[in-house]
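Visitor: after the sequence you'll find the predicted model.
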Amino acid sequence: MLSRKLARPVEPPTLPQPRGPLSAAVLDALRRGPFVLSVPEDADPYGDDLQLALYCCYELHYRGFAGVHDEREWNPLLLTARAAMERLFLSALRGDVPGGSDDDDVDAELAILLVEPIDAHGVSHHLRRDGELWQLREYVALRSLYHLKEADPQAFVIARLEGPAKAAMVSIEHDEYGAGDPDRMHARLFADMMDALELSSAYGHYLDAAPAEALAEVNLMSMCGLHRGLRGALIGQFATVELTSSPGSDRLVKALHRLDAPAAAVEFYAEHVEADAVHEQVVRRGVIAPMLAAEPQLARDVVFGIRASGMLADRLSALLLHSWAQHRSALRRPLSDAPALVGTTP
Amino acid sequence: MAEPHREIIVTDGPLLVSGPVEIVLPDGRRVKSDRPVTALCVCKRSRRQPFCDTSHRCRVRSGDNDQEEDRAQQETSSTG
């Protein structure tokens, strides 16, 4: 149970740079004290400005920011602005994914995720076949926004579940948190991989580098985790990740071996091949089945969570593959080993 | 009173065993799993024997099934 390593000092991340008027106002409110913030109804729900502003509001519930008072987490003016942004984001997602009726069939939706397309060309397929090290490092840098707080957004849902679904959800989360061994905590393994790939494993370090597509994925988790009314969607999101993670992680293990990454870099994805083969089973049988038996009306939101997380993952995947195909960085702030003559944001 | 029997769940994929468990392989090698639940491969396709790595899954070419067409190109590339 006790870590062999000393606890690292907890240092909150620094505030990011604004990406437009909305994020500038939210950052100003965080820094100097809240004021009434207006969220324009025509703000792009998937755009950099809104996604960063929303991300910063959510981050108050995780690690906060250096120089931002902890009490701002529950400031009514910030929460009002957050709610306005959430309405825009959620209604865009509901409009852009099919379904949302009582006919939604969770089993059929899960069955689609359990089929392995042999000719798919996603990020992990690309990295396994012919990805370059700088691309793999970009991918890991972007993924750090979630994985350095892996399982935290989903932990919010525990209190909203009952009986067998809660017990099973806790058993998966326990595994995510290293099953009692802090050195095996998935966030720790991810940080070890970042160090081995000579990336900064400081929490929030790559926030300024992350495009809206990467922020939106994490914002979906935070939004669904923090709203009891979206617990079905949170479980759908969680199931999507757990069901699709094993084969993707296996490809990333192969990518890391092919690129001669150090052993410490491989352990995170190697662990996920095995762990998520188990989690897939537990989330389907232990979480979703009893939750829907107890609350059948949540089925449509489970389907929504699956489809929304799939859509946002596809958007990020498309951005990465499109940028890399043109031999340019997908990051807003490219890493030092990215191809030269880049630096513009797509 | 005797201990209750340990439950092993048979699925359409792996066997699910409540952990921690120690597995004895055909060559006598012993492998431990400290997970709360361990998924043991029974299809023999896993490359991480004796554990499941989801290799039992149906593999399809996109377009084999209309229903799967929308998602066939999807690669969520997420890790849980």
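Guide: Received the coordinates, thanks.
Visitor: residue closest to the middle of chain B?
Guide: The residue lying closest to the centre of chain B (CA atoms, centre = their mean) is B:Cys52, at 3.0 Å.
Visitor: and it, how far from A:Ala275?
Guide: For B:Cys52, the distance to A:Ala275 (CB to CB, to the nearest Å) stands at 11 Å. (Each C-beta comes from the backbone N, C-alpha and C, glycine too.)
Visitor: now do A:Leu27
Guide: Between A:Leu27 and A:Ala275 the computed distance is 37 Å (CB to CB).
Visitor: correct me, but the residue nearest to the centre of chain B touches B:Ala39?
Guide: Yes: in this structure B:Cys52 lies within contact range of B:Ala39 using CB atoms under 8 Å: 3.9 Å.
Visitor: overlap in contacts, the two.
Guide: A:274, A:277-278, B:13-14 (CB atoms under 8 Å, 6 or more residues apart in numbering or on different chains).
Visitor: ok, now which ones touch the residue nearest to the centre of chain B?
Guide: For B:Cys52, the contact set (CB under 8 Å, 6+ apart) comprises A:274, A:277-278, B:13-14, B:39-41, B:46.
Visitor: redo that, cut-off 10 Å
Guide: A:246, A:273-274, A:276-278, A:280-281, B:11, B:13-16, B:38-43, B:45-46 (CB atoms under 10 Å, 6 or more residues apart in numbering or on different chains).
Visitor: generate the PyMOL command that creates a selection of the buried members of these.
Guide: Remark: buried members of these, expressed as a PyMOL selection using 16 or more other CB atoms under 10 Å in any protein chain shown:
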select buried, (chain A and resi 246+273+274+276+277+278+280+281) or (chain B and resi 13+14+15+16+38+39+40+41+46)
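Visitor: B:Cys43 reaches B:Ser55, doesn't it?
Guide: Yes: between B:Cys43 and B:Ser55 there is a contact at 7.1 Å, judged by CB atoms under 10 Å.
Visitor: common neighbours of the two, please.
Guide: Listed as contacting both B:Cys43 and B:Ser55 by CB under 10 Å, 6+ apart are B:Gly13.
Visitor: picking that back up, what sits in contact with each of B:Cys52 and A:Ala275?
Guide: Common neighbours of B:Cys52 and A:Ala275, using CB under 10 Å, 6+ apart, are A:246, B:39.
Visitor: can I take it that B:Thr54 is in a strand?
Guide: No: B:Thr54 is assigned coil when assessed by DSSP: H, G, I helix; E, B strand; the rest coil, not a strand.
Visitor: and the gap between it and A:Pro339?
Guide: Relative to A:Pro339, B:Thr54 is positioned 34 Å away (CB to CB).
Visitor: these two: which has the busier surroundings?
Guide: Between B:Thr54 and A:Pro339, counted using other CB atoms under 10 Å in any protein chain shown, B:Thr54 has the larger neighbour count: 27 against 14.
Visitor: and that one, backbone torsions?
Guide: phi 70, psi 20 (degrees, to the nearest 10).
Visitor: ok, it touching B:Thr11?
Guide: No: counting by CB under 10 Å, B:Thr54 stays clear of B:Thr11, with 11.9 Å between them.
Visitor: quick check: which ranges of chain B have low pLDDT?
Guide: B:1-3, B:63-77 (pLDDT under 70).
Visitor: all strands for it, in order.
Guide: B:8-10, B:15-18, B:21-24, B:30-33, B:37-40, B:59-60 (DSSP state E).
Visitor: can I get those strands in a markdown table with distance to A:Gln237?
Guide: Shown next, in a markdown table, are the strands of chain B (distance: least, CB to CB, whole Å):
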| stretch | distance to A:Gln237 |
| --- | --- |
| strand B:8-10 | 25 |
| strand B:15-18 | 23 |
| strand B:21-24 | 30 |
| strand B:30-33 | 27 |
| strand B:37-40 | 21 |
| strand B:59-60 | 24 |
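Visitor: single out the most deeply packed of those strands.
Guide: Each of the strands of chain B was scored by mean neighbour count; the highest is strand B:37-40, a mean of 24, by mean count of other CB atoms under 10 Å in any protein chain shown.
Visitor: which residues sit against that strand?
Guide: With CB under 10 Å, 6+ apart, strand B:37-40 has contacts from A:168, A:171-172, A:175, A:246, A:274-282, A:285-286, B:8-9, B:11, B:13-21, B:23, B:31-33, B:46, B:49-54.
Visitor: compare A:Leu27 and A:Ala275 (neighbour count), which wins?
Guide: A:Ala275 (25 against 20).
Visitor: list the residues that contact that one.
Guide: Contacts of A:Ala275 by CB under 10 Å, 6+ apart are A:172, A:175-176, A:179, A:184, A:186, A:242, A:245-246, A:249, B:35, B:39, B:51, B:79-80.
Visitor: nearest to chain B: which residue in chain A?
Guide: Using CB to the nearest CB, the closest approach of chain A to chain B is made by A:Gly122 at 2.0 Å.
Visitor: so that residue makes contact with A:Ala313?
Guide: Yes: contact criterion CB under 10 Å: A:Gly122 and A:Ala313 qualify, at 8.6 Å.
Visitor: number of residues surrounding A:Val68?
Guide: 20.
Visitor: which residue packs closest to it, ignoring adjacent ones?
Guide: Excluding the flanking residues, the one nearest A:Val68 by CB to CB, 6 or more residues apart in numbering or on different chains is A:Leu30, at 4.8 Å.
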